[in-house]
Every structure is written in C-alpha cells, then in structure tokens.
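Enquirer: Provided below are the primary sequence and the corresponding predicted coordinates.
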Amino acid sequence: MKAIVTVGLKPGVLDVQGKAVASALKDLGFGEVHDARVGKRIEIELDGDLDPATAEEQVREMCEKLLANTVIESYRVEIAR
C-alpha cells in the first residue's frame with residue numbers, strides 16, 4: 001500500500017520559492033502566471049497488512065511528528081491501494 005503526502009505552506013505564509021518560480025515563468029514569456037506555490041510530495045510504501053484507516057492514521061502521525069511543520073504548513077494524505 002502506498003501513502004502519498006502533499007505538504008505546502010499555509011495560506012498567508014510567504015512562499016519565497018513560489019515567488020521566484022512565478023517571476024521566472026513570467027521572464028520566460030508566460031505572462032499569464034499570476035502566482036505560484038511550491039510544496040513537496042512524499043510517497044511512503046507501507047506494509048500491505050494495514051487497513052486503509054489505520055494506514056492513514058499512522059501517516060497523519062508521521063506528518064505531525066516529522067514530515068510537516070504544522071505551524072506554517074498544511075498537509076494532505078492519500079492512501080493508494
């Protein structure tokens with residue numbers, strides 16, 4: 001079973017990397033770009049014996065303890081079978 005975690009800055013938190021990406025895209029001629037936000041995607045392989053609800057609970061705990069800085073970042077967990 002695979003868990004996919006998407007982590008990004010919370011709304012209102014300045015995304016310096018996102019601003020740089022948006023600026024670079026504009027410089028490359030993509031004038032329709034208004035803004036960009038940069039985040040990260042983490043794929044975690046889990047033992048197949050876990051039921052999806054337990055797997056999601058464990059991955060959320062991983063996010064709270066290590067994968068996301070919950071003061072400034074939010075995260076989304078997807079469990080793929």
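Expert: Done, it's in. Numbers count the residues shown, from 1 in each chain.
Enquirer: For residue 45, the count of nearby residues, please.
Expert: Using other CB atoms under 10 Å, residue 45 is surrounded by 8 other residues. Every C-beta, even on glycine, is put in place using the N, C-alpha and C of the backbone.
Enquirer: thought it was touching residue 2?
Expert: Yes: proximity of residue 45 to residue 2 meets the contact threshold set by CB atoms under 8 Å, at 5.8 Å.
Enquirer: Quick check: beta-bridge partners of residue 41?
Expert: residue 6 (DSSP bridges).
Enquirer: Hmm, it is touching residue 2, no?
Expert: No: look at residue 41 against residue 2 with CB under 8 Å: they stay out of range, at 11.8 Å.
Enquirer: residue boundaries of the strands in this structure?
Expert: Assigned by DSSP state E, the strands in the chain fall at 2-9, 39-45, 73-80.
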